[in-house]
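A.B. asks: Sequence first, predicted model second:
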Amino acid sequence: MFFATYKASIKTLLRSLLVWLAFALAVGVVIYNTMRISHGYVEMLPGGGVSGMIWDTDPRYVLGYDRYIGLMYNLNGKVMLYAMPLFTVITAMVMMIRTHDDNFFEIEKAGGVSTATYFWGRIAALVTVNFVVLAVLAYLNVDLYYFTRGGLKDFTTMEFFRDSFVRVGRVLLFCMLPGMLFYLALTVAISSLIKNGIAGGVVGLAMVLVNYMCATVLMLRIPEFVGSFLDPSPQNLYNYWGFFDTEWSVYHPIMNAFTTKTMILCICIILGTSAVLGGVSLLVTKKRTR
């Protein structure tokens with residue numbers, strides 16, 4: 001029963017035009033963020049003079065190893081600032097619209113599907129689709145930037161793919177996945193409580209907007225505790241895993257603000273909040289009478 005519900009839920013998402021439009025938007029945003037100017041350095045002349053700035057869209061730009069490592073912790077701004085959260089909220093909204101407005105719950109319950117099977121089958125489908133898209137966007141950002149900026153002269157193509165697979169994978173699992181689960185759990189929980197998928201989507205989109213404003217316009221006004229532990233996608237977490245296994249993991253100034261213990265605490269808060277929201281959704285689903 002679980003796999004039947006899971007497969008039906010996957011089909012529901014893949015057949016939705018809105019989901020595909022959200023995917024296209026997310027890919028477009030990531031490509032735009034990747035291809036625009038985001039880094040530069042001053043070119044020094046042999047005689048000691050300065051010729052001007054060399055931006056990373058200039059053919060003369062030379063990608064450095066430090067900038068390559070920077071791609072990992074910049075995944076927060078390039079992917080998780082709003083591109084992926086928007087996709088997550090929209091997919092959850094589509095699923096909850098089918099659950100409440102199209103009476104999918106009653107139809108499957110009449111067919112003998114238990115409430116727990118129905119709920120976890122839907123959640124598993126949402127997590128699967130969103131994680132695949134999350135991985136696509138993360139690797140797309142790093143790979144596209146790397147190759148359009150000429151790559152590292154000391155790296156062969158295979159060395160780059162092996163190294164970036166591990167580095168991006170760490171950020172993906174320990175930073176991006178918890179944030180994605182939070183937006184998913186929030187949208188599903190609000191939709192379940194209000195019994196309306198669109199309402200849940202509106203609240204989820206509002207959360208994306210609030211997080212975007214806090215990370216940009218209000219960045220300097222947000223207390224450090226809020227930015228480090230109450231943000232679904234805290235930059236300190238990306239800094240920790242982005243610099244992981246490099247010389248900068250110890251000596252870089254920004255690493256002083258985030259220890260291993262606080263990193264673990266941060267992840268636990270995000271996952272714990274998501275679990276509580278998921279528990280609320282399951283409880284409301286079990287009590288559902290219509």
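C.D. replies: Arrived safely.
A.B. asks: Which residues lie in contact with the nearest residue to Ser16 once chain neighbours are set aside in this structure?
C.D. replies: Spatial nearest neighbour of Ser16, chain neighbours left out: Val94 (4.9 Å); criterion: C-beta to C-beta, 6 or more residues apart in numbering. Glycine gets a C-beta too; all of them are placed from N, C-alpha and C. Applying C-beta atoms under 8 Å, 6 or more residues apart in numbering, we find Val94 in contact with Thr12, Leu13, Ser16, Leu18, Val19, Gly197.
A.B. asks: what do you get for Ala124?
C.D. replies: For Ala124, the contact set (C-beta under 8 Å, 6+ apart) comprises Phe2, Tyr6, Ser9.
A.B. asks: any idea how far the residue nearest to Lys153 when sequence neighbours are not counted lies from Phe160?
C.D. replies: Excluding its sequence neighbours, the residue lying closest to Lys153 (C-beta to C-beta, 6+ apart) is Val62, at 8.0 Å. To Phe160, Val62 is 15 Å away according to C-beta to C-beta, to the nearest Å.
A.B. asks: And the helices in the stretch 151-290 of the chain?
C.D. replies: Assigned helices in the stretch 151-290 of the chain, in chain order: 157-171, 177-194, 197-215, 224-229, 235-243, 248-251, 260-286 (criterion: DSSP state H, counting those that start in this stretch).
A.B. asks: pLDDT below threshold where in the stretch 151-290 of the chain?
C.D. replies: 219-220, 225, 227, 249-258, 288-290 (pLDDT under 70).
A.B. asks: Apply 80 and report the result again.
C.D. replies: By pLDDT under 80, the low-scoring segments of the stretch 151-290 of the chain are 217-230, 247-260, 288-290.
A.B. asks: Restricted to helices, list the contacts of Ala124.
C.D. replies: Phe2, Tyr6, Ser9 (DSSP state H).
A.B. asks: Of the residues you listed, which is the most crowded?
C.D. replies: Neighbour counts for the ones in helices among the contacts of Ala124, by other C-beta atoms under 10 Å, peak at Ser9, which reaches 23 neighbours.
A.B. asks: Just the local confidence number for that one, please.
C.D. replies: Note for Ser9: predicted pLDDT of 92.
A.B. asks: Excluding sequence neighbours, find me the nearest residue to it.
C.D. replies: Distances taken as C-beta to C-beta, 6+ apart put Ala125 closest to Ser9, at 3.4 Å, once the chain neighbours are dropped.
A.B. asks: Would you agree the one you found is in contact with Phe3?
C.D. replies: No - counting by C-beta atoms under 8 Å, Ala125 stays clear of Phe3, with 10.5 Å between them.
A.B. asks: Alright, calling it a day.
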